[in-house]
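A.B. asks: Mind folding the following:
(one chain, ligands or ions: 2)
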Amino acid sequence: MRTLRTQVVVVGAGPAGLYLSHELRAHGVDSVIVERCSREHLERRVRAGLLEEGTVQLLRGSGLADRLDRQGLVHDGFQLRFEDTVQRISTVSLIGEPTYIYGQQEVVKDLLAARPSDDGSLYFDALDVQIAGITGDKPSVAFTVGGEHVVVEADFIAGCDGYHGVSRASIPTASLAFHTRRYPFDWIGLLVNAAPFASELVYSVHPRGFALASMRTPEVSRLYLQADARDEQSNWPHERIWDELGQRLYVDEGRMRARGAILEQVRVPLRATVAEPMQFGRLFLVGDAAHIFPPTAAKGLNVALEDSSVLAHALIGWFRRGEAGPLEGYSSARLPAVWRAQDFSAWLTWLFHPAADATAFDHRRRTASLTRLAEGGSSAVAFADEYVGRSRRRLSSLSYIHELDGMEA
Ligand code: FAD
Ligand code: DHB
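C.D. replies: Numbering: from 1, shown residues only. Ligands and ions are numbered 1, 2, ... in the order given. Now for the predicted structure:
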């Protein structure tokens, strides 16, 4: 058995854990990351794709955006299709902010590449990861790697291990409210070896269901379509998927069929969760470990990196200046922003996804709502503010500054 000592143990090397560790190191705070999967798996795992301006600014500020600035796709807006019409919503025209398309696994690759190699601060393939001592001042994380049992003792633990991780499960249920919502929809997600369907994202609302045509690179498309949560995947052969995509995106079936080879297919249940509070004793929950958003509004990765940034500042304040306030206030600083993103994601999910029992009344009403958005008035401005994350960002920094003010008063 080996026992190590560090300042912060980070459980999980997804974007949240890697970014937190990067920021800590940049400010002289040591951390060790413990990750269940292999590096190859993390670098290949296709998930998010849409980054908000605030996220890009965070990455730029940390010196992590060279490749993103060269290869990322900057989008001034997106297409909204409904009732056989194509509308364009330009977030740049409405509020002056674009969005960016850059795959989550590329963010992960950049974060991994920025770490010193083999300095012993990142364990991949860790088995049987267990958290102990979070109510004391010497918490630890134990695991087995390459047959060896390792214990890392620290001052704090950052639980960045996603929805299925051990961190949230280590908090006594009586001390945690875990709010959940399962929407009655799933997404079928495809990665397709073909040029993007359009130059910008296409969100398409059809009485048959929602479809989203996104992209990863000028050569690779990312397509999503709504499926009823009860409709088994075996009912979705490729032929039906292409047929539905064609109809829902308002193009003829023949054209969709020509789009390219399916490289990967996933089924994503649309759900929302929020853990309250996001901290217990010396354990802090970050990113998907604390909250899941339905993917409709693309908030998960963006809010996760924002959590990491706020927690990094709080931990740096503790180690460098002996400040306790920002750490104590981490959860109350983050929850308003988390609920803000949850609210917008829920609103957009219901707006875009017709329910299985939707009536003609429901379709007409949805069309009226979409028309209001497409008109570009104050509704569109408010929408753009939420979609690009600007309103949440304002709220986040206000909460954070508020906590600091509270401490200094
Ligand atoms: P994860 O990425 O889940 O990382 C957690 C890490 O912890 C993983 O590497 C995991 O292997 C590791 N781990 C788990 N258990 C353990 C354990 N016991 N011990 C050690 N390590 C462990 N978000 C957006 O912002 N924009 C989008 O466009 C977008 N699109 C999406 C599309 C889809 C189809 C899906 C599924 C999600 C999408 N999201 C999007 C959400 C986004 O992918 C997540 O919110 C993001 O991955 C959160 O990062 P994280 O680091 O918190 O968690
Ligand atoms: C992507 C996912 C989303 O949920 C979204 O709203 C936009 C883009 C994507 O994976 O590309």
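
A.B. asks: Flag the shaky bits of the stretch 101-250 of the chain, pLDDT-wise.
C.D. replies: By pLDDT under 70, the stretch 101-250 of the chain has no low-scoring segment.

A.B. asks: for ligand 2, what are the nearby residues on it?
C.D. replies: Counting by CB under 6 Å from any ligand atom, the stretch 101-250 of the chain comes close to ligand 2 at 201, 214, 222. Quick note: C-beta positions are derived from backbone N, CA and C, even for glycine.

A.B. asks: Helix or strand: which one has the residue lying closest to the first one once chain neighbours are set aside?
C.D. replies: Going back to what we said before, that points to residue 201. The spatially closest residue to residue 201, leaving aside those adjacent along the chain, is residue 78, at 4.1 Å (CB to CB, 6 or more residues apart in numbering). Using DSSP states H and E, residue 78 sits in strand 77-82.

A.B. asks: Report the mean per-residue pLDDT for that strand.
C.D. replies: Averaged across strand 77-82, the pLDDT comes to 97.

A.B. asks: on contacts alone, who are the packing partners of it?
C.D. replies: For strand 77-82, the contact count by 3 or more CB pairs under 8 Å, 6 or more residues apart in numbering; DSSP states H and E identifies strand 85-90, helix 91-95, strand 202-206, helix 360-374 as packing neighbours.

A.B. asks: tell me the SS of residue 247?
C.D. replies: Three-state call for residue 247 (DSSP: H, G, I helix; E, B strand; the rest coil): helix.

A.B. asks: quick one: it and residue 209 touch, right?
C.D. replies: No - under the criterion of CB atoms under 8 Å, residue 247 is not in contact with residue 209, lying 9.1 Å apart.

A.B. asks: before we move on, back to that, and the strand holding residue 78, how far out from the chain middle?
C.D. replies: Remark: strand 77-82 is offset 22 Å from the chain centroid, using CA atoms, centre = their mean, to the nearest Å.

A.B. asks: what do you get for stretch 240-248?
C.D. replies: 27 Å.

A.B. asks: in that stretch, what counts as buried?
C.D. replies: 241-242, 244-248 (16 or more other CB atoms under 10 Å).

A.B. asks: got the residue ranges for the helices in the stretch 51-200 of the chain?
C.D. replies: Ranges of helices within the stretch 51-200 of the chain are 53-61, 66-71, 91-95, 104-113, based on DSSP state H, counting those that start in this stretch.

A.B. asks: Tell me how far residue 62 lies from ligand 1.
C.D. replies: Note on residue 62: its distance to ligand 1, by CB to the nearest ligand atom, to the nearest Å, is 15 Å.

A.B. asks: Report the separation between the closest residue to residue 283 other than its chain neighbours and residue 64.
C.D. replies: Closest residue to residue 283 apart from its sequence neighbours, by CB to CB, 6+ apart: residue 134 at 4.3 Å. From residue 134 across to residue 64, the span is 30 Å (CB to CB, to the nearest Å).

A.B. asks: In this protein, which residue sits closest to ligand 2?
C.D. replies: Closest approach of the chain to ligand 2 (CB to the nearest ligand atom) occurs at residue 49, with a separation of 2.9 Å.

A.B. asks: got a pLDDT number for that residue?
C.D. replies: 92.

A.B. asks: How about the one 5 residues further on?
C.D. replies: As summarised for this prediction, residue 54 has a pLDDT of 95.
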